[in-house]
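Participant: Below is the sequence, then the predicted model.
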Amino acid sequence: MPIKRASDRCFWFIAALTATSVGWADEPHMWLERMNQALTTRNYDGVFSHWQGSKVETLRIIHRVKDGAVTERLVSLDGSGREFIRSGNELACYLPDKRTVLVEKRPDQGLLLGGLPTFDNSQSDVYEITALKRIRHMGREARLIAVTPKDEFRYGYRLYIDESTAMPLRTQLCDSRGRVIEQVVFASLTLPSHIPDSAFKPDISTEGFQWLRNGGGPALASNGAPPAMWSALRLPPGFRMSARGAQMMPGATDPVAHLVFTDGIASVSVFVESRQKTSIDRNVSGTARVGSASAFSTVVDGHQVTAVGEVPLETVQFIAKSVKAQSQEAAAPASGLSLQSSGSSLRAPAQATPRPTGISGPVTTGRPPR
């Protein structure tokens, strides 16, 4: 009998160790799932600093979910007056320096809070997700979770998640060496049960502003024909095309093709446009990088191809050089999605990434800051 009892104790000890190890393995994914849910379903009002290298900007984010409808407002508090107000699937960008309001459709449900991606087990082939430690941040207990890339084609994250609310108190974007490229640090964060409609009105007067509206049906070329279908012949590991469409843009006589590629966390937008005769001699190839944003532009079959994304420079170069035109019949659908589709879970198209007009100056993704 003593031997049997010892054997039983040994069995249960091993079982407990196994269960504990499995629990620790699942824990970081659990915290990321809780964070995703908190960001999309809670009401919150916070002030945060957005750090990019030596530059810092202070912003306020207000997020409300009421009767299933999402309303958001992102405001720069440092004097620029920029505001981004989202109501349902429509985003209004107030740009006082350009005396312009840009209104566009957001077919997906991406967040204004820097477009934090959704983390899940589907990215395990290209990212490693680990729980590092429990820490105190802003006087609160938090979990530090690391999302580490397994190759050089994407950045990693370090997330400081509040144990009580599951909100990200600090988010860091890191390069392959673990160095911080960008970060968001909350100075204050509240979770009010009620946020009035008045909280989503712009502070600036738009009298005399130019209003621009993007959206509408499929774009046609100047000769009335549908645009060529573009796709990438090769992609970095884990990336796939998630959206494809075409739209008219200011200054363009023909529609600009817009492709989006993602690995589920990182994303790259590619713009393809016909080169104007007046710009044939202009140097339109090159690279640029500001903070986490990289851009690469080249010429493919008489078209300007520009790739932009919060990824390393190698990634936008790889994708842009792989883009080729295909016939309408030969082109495979982009996972059944288009830029007008409401079924896409990708955040990149909703971040208003513009077509860069040149690579000689600083690059901006055009989205609200991370």
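Facilitator: Looks like it came in fine.
Participant: Could you count how many residues lie near the nearest residue in space to Arg158 that is not next to it in sequence?
Facilitator: Spatial nearest neighbour of Arg158, excluding adjacent residues (CB to CB, 6 or more residues apart in numbering): Gln172 at 4.2 Å. (Each C-beta comes from the backbone N, C-alpha and C, glycine too.) For Gln172, the count of nearby residues is 21 (other CB atoms under 10 Å).
Participant: quick one: Gln172 and Glu182 touch, right?
Facilitator: Yes. In this structure, Gln172 is within contact of Glu182 by CB atoms under 8 Å, at 7.5 Å.
Participant: ok, now how distant is Asp162 from Arg42?
Facilitator: 11 Å (CB to CB, to the nearest Å).
Participant: These two: which has the busier surroundings?
Facilitator: Under the criterion of other CB under 10 Å, the comparison of Asp162 against Arg42 puts Asp162 first, with 21 against 15.
Participant: where does the residue nearest to Arg158 land on pLDDT?
Facilitator: You'll see Gln172 listed with a pLDDT of 94.
Participant: Beyond the helix or strand where it lies, next helix or strand please.
Facilitator: Secondary structure from DSSP states H and E places Gln172 in strand 168-174. Counting by DSSP H and E, the next helix or strand C-terminal to strand 168-174 is strand 180-190.
Participant: Report the buried residues of that next one.
Facilitator: Ile181, Glu182, Gln183, Val184, Val185, Phe186, Leu189 (16 or more other CB atoms under 10 Å).
Participant: Would you mind checking which of the residues you listed is nearest to Tyr127?
Facilitator: Ile181 (16.3 Å; CB to CB).
Participant: can you pull the contacts of the closest one?
Facilitator: Applying CB atoms under 8 Å, 6 or more residues apart in numbering to Ile181 gives the contacts Gln52, Gly53, Tyr155, Leu173, Cys174, Asp175, Gly291, Ser292.
Participant: go again using 7 Å as the cut-off
Facilitator: Tyr155, Leu173, Cys174, Asp175, Gly291, Ser292 (CB atoms under 7 Å, 6 or more residues apart in numbering).
Participant: Can I get the buried part of those as one PyMOL selection?
Facilitator: To isolate the buried members of the contacts of Ile181 in PyMOL, using 16+ other CB under 10 Å:
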select buried, resi 155+173+174+291+292
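Participant: Determine which two of the contacts of Ile181 are furthest apart.
Facilitator: Cys174 and Gly291, at 12.3 Å, using CB to CB across the contacts of Ile181.
Participant: Identify the bridge partners of the closest residue to Arg136 other than its chain neighbours.
Facilitator: Leaving aside its sequence neighbours, Arg136 sits nearest to Ala142 (CB to CB, 6+ apart; 6.9 Å). Applying DSSP bridges to Ala142 gives these bridge partners: Ile135, Asp162.
Participant: Verify the stated contact: Ala142 with Arg158.
Facilitator: No. Assessed by CB atoms under 7 Å, Ala142 is found out of contact with Arg158, at 11.4 Å.
Participant: Of those two, which one has the most company?
Facilitator: Ala142 (22 against 18).
Participant: who touches the more buried one in this structure?
Facilitator: By CB under 7 Å, 6+ apart, the neighbours of Ala142 are Ile135, Arg136, Tyr160, Ile161, Asp162, Glu163, Leu169.
Participant: Return the per-residue confidence for Gln328.
Facilitator: Here, the pLDDT recorded for Gln328 equals 51.
Participant: what do you get for the one 4 residues further on?
Facilitator: Taken from the predicted model, the pLDDT recorded for Ala332 is 48.
Participant: ok, now Arg60?
Facilitator: Arg60 is given a pLDDT of 96.
Participant: Poorly predicted segments of the stretch 51-200 of the chain, please.
Facilitator: 107-110, 114-118, 120-121 (pLDDT under 70).
Participant: For stretch 159-173, measure first residue to last.
Facilitator: 9 Å (CA to CA, to the nearest Å).
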